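*Asks:* Can you look at this prediction? I've put the sequence above it.
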Amino acid sequence: MVVITLQRNKCIGCNYCVELAPSQFQMSKKDGKSVLLHSNEKKGFFTLKSKDSLIFETCNNAAKACPVKIISVKHI
């Protein structure tokens, strides 16, 4: 299982996550910040748990590219 977490309130809207993992992230037209698709929010953290291990690499690349380091990706 892959667990992806986004701390959305700290997003600066650079768009790297969308470029590297467009099936998991998109930019909000409302505020210009990243949205983790199909995630659940709890205390400002948006989390997606997926059984699709194929998304790990693209999401991990997005996490590494994020200049404010607000994306975490774990393989559990």
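*Replies:* In hand now; what should we look at?
*Asks:* Specify the residue positioned farthest from the middle of the protein.
*Replies:* The centre of the chain is farthest from one residue, Lys30, which by C-alpha atoms, centre = their mean lies 17.4 Å away.
*Asks:* How about the backbone phi and psi for it?
*Replies:* Reported as degrees, to the nearest 10, the phi and psi values for Lys30 are phi -70, psi -50.
*Asks:* Can you tell me how far Val2 is from Pro67?
*Replies:* Distance, Val2 to Pro67, by C-beta to C-beta, to the nearest Å: 22 Å. In this view, the C-beta of every residue, glycine as well, is placed from N, C-alpha and C.
*Asks:* Then Thr5?
*Replies:* To Pro67, Thr5 is 17 Å away according to C-beta to C-beta.
*Asks:* the more surrounded of those two?
*Replies:* A side-by-side neighbour count of Thr5 and Pro67, using other C-beta atoms under 10 Å, places Thr5 first with 19 against 8.
*Asks:* Just list whatever residues bridge to that one.
*Replies:* When assigned by DSSP bridges, Thr5 has beta-bridge partners Thr47, Ser72.
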